[in-house]
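Asks: Can you look at this prediction? I've put the sequence above it.
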Amino acid sequence: MPSNLRNEDVSTKRRRIARLAEQSPELGFTSLNHLIDIDWLKEAFRLTRKSGAPGVDGQTAKEYEENLEENLRSLLQRAKSGT
């Protein structure tokens, strides 16, 4: 699938969340877990500033990107399992 379609899908999800929040500000989101997928994480990584300090684990964005697919899949699994 071309990346522009995935990015549009992520953007569509983000717009949907924003619209729901605007329409019903009294409601709280209990979980957005069902919306987060590998494409969402890839887009989040793309939008993240890469020139900042390393993370708490000492890993730089460049190091993380070297194994991006594997790192994002691990992150997604940990996020969905709550670990």
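Replies: It's in.
Asks: drop to CA atoms for contacts and neighbour counts, all remaining ones
Replies: Will do.
Asks: how far away is residue 29 from residue 21?
Replies: Per C-alpha to C-alpha, to the nearest Å, residue 29 is found 8 Å from residue 21.
Asks: wait, residue 69
Replies: Counting by C-alpha to C-alpha, the gap from residue 69 to residue 21 is 31 Å.
Asks: Ok, residue 83 next?
Replies: 27 Å.
Asks: Looking at these two, which has the bigger crowd around it?
Replies: residue 21 (14 against 7; other C-alpha atoms under 10 Å).
Asks: For that one, give me its contacts.
Replies: By C-alpha atoms under 8 Å, 6 or more residues apart in numbering, residue 21 lies in contact with residue 27.
Asks: So it versus residue 51, what's the distance?
Replies: Plainly put, residue 21 is 32 Å away from residue 51 if you go by C-alpha to C-alpha.
Asks: What of residue 59?
Replies: 12 Å.
Asks: All set, thanks.
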